[in-house]
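S.K.: here is my input, please return the structure:
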Amino acid sequence: MLTLVIVIVLAALLFDFLNGFHDAANSIATVVSTRVLSPTTAVIWAAFFNFVAFLVLGTRVARTIGGEMVHIDLIPSEMRLYVLLAGILGAVVWNILTWYLALPTSSSHALIGGYAGAAIMAHQGFEGLLKPEGWIKTILFIVASPLFGMLLGFTFMVVVYWIFRKWSPARVDKTFRRGQLFSAALFSLGHGGNDAQKTMGIITAVLVSGGMIANGPNGALPDIPLWVVLGAHASIALGTLFGGWRIVRTMGSRITKLRPVGGFCAETAGALTLFLVTLTGIPVSTTHTITGAIVGVGSTVRVSAVRWGVAGRIVWAWLLTIPFTAALASAFFFLLKHFAL
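M.R.: Next up, the predicted model:
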């Protein structure tokens, strides 16, 4: 049992590393594409704020993932750890595949889809298994977070254009090059705060299922152990430090061409969205959020400034993430059930 728990915890931390690696583009694409920071400096900047996010944004999202998505108690106790392992493996494979294809998909929704798919396979059906409260807010914000990011990005850009309308382009550019250091830090803080918590929730569920820690009152997830918090943030920070360079180009230049003022507005819009949802315990995709913000900023120039074909390809990848990772995790659970149980 202990060996299996250790293997699953390590697999979860690997997922978290790949999350940072895959989603590094979210944190640095705009600041690199506007040439405010070099790629190397940008990933160090983002990694630092990914790590320190636990000091600011708490663990509400971890509680949602670990305790409000699946009635894990309905699954036989001998299968629970394998469900969690299969869910992580499905998410890891999806992350590697979409990284190879340079698609900025959601690691968060990959993990949620994998967890649900493996649980459904173990339970042999949906009935009573999925918790509506967790899924309603998660599915709702698949749509809402990019729309909110897009609205804020558009609004910020319009407001900035109006406030600085009498400034010379060179002066605006110089000002917002400095401003992007602040906005990139804020977005990385939001990214680390929301995304690292998903792995915390899964690891804590593993520790409960493995009998290492007791469940909370009324079956709720217990307090997240400090070593889990630090391990998750360290893993996502290391992943960001190594960076997902294949996706940077898609996020930073293929959707729309950004200048420092646009990068500042997109990152600030994305950061505010992430802070809001993280503090209310809603697991969202940082990828969806920043993509929506970039589209909103690009739309202020003209609608044709946004490469809608690229944006459409990204949206298709978003829609496929949960069902594909659910299918992958189901397959992994099937194999584990027949060869490990």
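S.K.: what about the protein, any weak spots by pLDDT?
M.R.: 22-30, 33-34, 102-104, 216-220, 243-258, 301-318, 341 (pLDDT under 70).
S.K.: which helix in it runs the most residues?
M.R.: helix 169-209 (DSSP state H).
S.K.: which residues are in contact with the following helix or strand past that one?
M.R.: Scanning forward in sequence from helix 169-209 by DSSP states H and E, the next helix or strand is helix 226-242. With contact meaning C-beta atoms under 8 Å, 6 or more residues apart in numbering, helix 226-242 is reached by 13-14, 16-24, 27-28, 43-44, 46-48, 50-54, 59, 188, 192, 195-197, 199-200, 203-204, 207. For the C-beta atoms, the positions are set from N, CA and C on the backbone; glycine is no exception.
S.K.: what do you get for stretch 86-95?
M.R.: Contacts of stretch 86-95 (C-beta under 8 Å, 6+ apart): 8, 11-12, 14-15, 18-19, 22, 105, 107, 110-111, 113-119, 121, 202, 321, 324-333, 336.
S.K.: do I have it right that residue 261 meets residue 173?
M.R.: Yes: contact between residue 261 and residue 173 holds when scored by C-beta atoms under 8 Å: they sit 7.2 Å apart.
S.K.: out of these two, which sits in the busier spot?
M.R.: The residue with more neighbours, out of residue 261 and residue 173, is residue 261; 23 against 15, by other C-beta atoms under 10 Å.
S.K.: how about that one: what's its closest non-neighbour residue?
M.R.: residue 176 (4.3 Å; C-beta to C-beta, 6 or more residues apart in numbering).
S.K.: that neighbour: neighbouring residues, count only.
M.R.: Using other C-beta under 10 Å: residue 176 sits among 21 other residues.
S.K.: again with the one 3 residues further on
M.R.: Per other C-beta under 10 Å, the neighbour tally for residue 179 reads 19.
S.K.: OK, contacts around it?
M.R.: Residue 179 touches 260, 264, counting by C-beta under 8 Å, 6+ apart.
S.K.: list the contacts of residue 145.
M.R.: 273, 277, 284, 285, 288, 289, 292.
S.K.: quick one: secondary structure of the closest residue to it other than its chain neighbours?
M.R.: What sits nearest to residue 145 in space, not counting adjacent residues and going by C-beta to C-beta, 6+ apart, is residue 284, at 4.3 Å. Classification of residue 284 by DSSP: H, G, I helix; E, B strand; the rest coil places it in coil.
S.K.: hmm, residue 143 and residue 284 touching each other?
M.R.: No: Residue 284 is not in contact with residue 143 according to C-beta under 8 Å; the separation is 10.5 Å.
S.K.: which of the two has more neighbours?
M.R.: For residue 284 and residue 143, the more surrounded residue by other C-beta under 10 Å is residue 284, and the numbers stand at 29 against 12.
S.K.: pop out the phi and psi values for that one.
M.R.: Note on residue 284: backbone dihedrals following degrees, to the nearest 10 are phi -120, psi 170.
S.K.: if anything else comes up later, I'll come back, but that's it for now.
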